[in-house]
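S.K.: would you be able to build a 3D model of this:
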Amino acid sequence: MNFSPLDFLESIFFEFRYAPLIIQIAIIFVFVAIGMTLVAYFSILRRRFRGFRRDKQVARLNELIDDLLIENVLSQDPELAQTPGETAEAAASAFQLAPFGKRWGRQVLIDRLINYRNNVRGAMGDEIRTLYLLLELDKDSFKKLKSRKWNRKVRALNELSSMEIGVADVIILPLTNSRNRELRAAARQAYIKLSKNEPFKFFDLATEPLLQWDQVELFRIITTTSNIAIPNFAQWITYSTNKSVISFCLKLVIHYHQLKAIPAVMKLLDSKDHLLRAEAINCLGKMRMADAEDKLVYIYNNQPLDCQIEILKALGRISSGRHTEFLKQEFMLSTDFELRKNAAKSLINNQAPGSNLINELMAEASPENQLILKHCMNPLIKF
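M.R.: Residues are numbered from 1 along each chain as shown. Predicted structure coming up:
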């Protein structure tokens, strides 16, 4: 006897209808799980297919952009042009193609132009920037800057800063204090690059901390940006309430060797924050401020371990030779290994390895201290 599909479904429905409630619930959950799994797999496959197709489209479009740039911009000699931007003006008409009328196509073009400009300098880089403006791609970047999505704003800031397109302070300054870490960092970096008069103005407004990686990126941008107006960082060391800004300014004082900021750094020795005191001591040592040695030795015994270590390092960096007895005492009597090690290194910096003092210490020191001294005599060992 043969059953039709309809009879088979009726039998399944009959069995389900008269099954216990818990079995019915279990069957429903099984079918829902199977359905959800199939939907998830279909969604993943669909997304991968669309991504694969988009990657192929982007690759083809990048090849087209490369050909157009090589033919109309990169193969031309900008010095032969009668006016700046003449090469870009002639090339702009070649980019009036259908793919660049679509939003995704214009984004691919922006990314490609930025990639070329980051690898090209001088007049050729200026031509690429002019082409970016002639094609009105800056309008696309400004539209993204008005987006509610933080990642689109970050992308816009990176595009505008790469192309050196000015952004009004009223737009970018609020973003430098955004709660979103990525947006805040991008806005600060862009502001330093784009502001011609007061690139460090956001220091006055910063309430969110400058994280370590943010400081590394900002330091790189500040020290590599040409014609940047470097202020006296003492103003933020003295008046800022943001400890991370003070810490960052101390690093900039060292890099630019700002002697006029030293009085402000000296005042930090009286700060209640021992981390800031330690960084101020580090700054004085790296700046080789011999006038600060007496104060550092005077406050030594009242400082926590991190500040004491920085004081010993500072005396070694300054190397005036006026406090060798103090260093000798710390090396011989201290019970902390880090203090003895740094005192020994500073003694070596203040005295030649073959000097009478070093020979005397080698004769009097314990076996462990002798090993520390021998280790510190290695010229490759640095603080």
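S.K.: state the distance from Arg148 to Pro174.
M.R.: 14 Å (C-beta to C-beta, to the nearest Å). Bear in mind the C-beta positions are built from the backbone N, C-alpha and C, glycine included.
S.K.: before we move on, what about Ser147?
M.R.: As defined by C-beta to C-beta, Ser147 lies at a distance of 15 Å from Pro174.
S.K.: of Arg148 and Pro174, which one has the most company?
M.R.: Neighbour comparison, Arg148 and Pro174: the larger count goes to Pro174, with 12 against 6 (by other C-beta atoms under 10 Å).
S.K.: on the pLDDT front, check that one for me.
M.R.: Note on Pro174: pLDDT of 90.
S.K.: check Met1 too.
M.R.: pLDDT recorded at Met1 is 50.
S.K.: any regions of this structure where pLDDT drops low?
M.R.: Residue ranges of the chain with pLDDT under 70: 1-9, 14, 77-85, 352-354, 383.
S.K.: contact partners for the residue positioned nearest the centre of it?
M.R.: The residue lying closest to the centre of the chain (C-alpha atoms, centre = their mean) is Glu217, at 3.3 Å. Contact analysis of Glu217 by C-beta atoms under 8 Å, 6 or more residues apart in numbering lists 185, 189.
S.K.: distance of it from Ser161?
M.R.: Separation of Glu217 from Ser161 (C-beta to C-beta) stands at 12 Å.
S.K.: so what sits against both of the two?
M.R.: Applying C-beta under 8 Å, 6+ apart, one finds that Glu217 and Ser161 are jointly contacted by Gln189.
S.K.: residue contacts, Lys260?
M.R.: Each residue near Lys260 by C-beta under 8 Å, 6+ apart is listed here: 232, 234.
S.K.: sec struct for it, please.
M.R.: Under the three-state scheme (DSSP: H, G, I helix; E, B strand; the rest coil), Lys260 adopts helix.
S.K.: start the count at 4, not 1, going forward
M.R.: Shifting the count to begin at 4 puts that one at Lys263.
S.K.: separation between it and Ile168?
M.R.: Counting by C-beta to C-beta, the separation of Lys263 from Ile168 is 34 Å.
S.K.: count the neighbours of Phe55 for me.
M.R.: Phe55 is flanked by 10 other residues according to other C-beta under 10 Å.
S.K.: who does the helix or strand where it lies touch, helix- and strand-wise?
M.R.: For Phe55, the host element (DSSP states H and E) is helix 24-72. Here helix 24-72 touches helix 106-122, going by 3 or more C-beta pairs under 8 Å, 6 or more residues apart in numbering; DSSP states H and E.
S.K.: show me where the stretch 54-203 of the chain has its strands.
M.R.: Under the criterion DSSP state E, counting those that start in this stretch, the stretch 54-203 of the chain carries no strands.
S.K.: quick one: the helices in it, in order.
M.R.: With DSSP state H, counting those that start in this stretch as the criterion, the stretch 54-203 of the chain has helices at 89-95, 106-122, 126-137, 140-148, 153-165, 172-175, 184-197.
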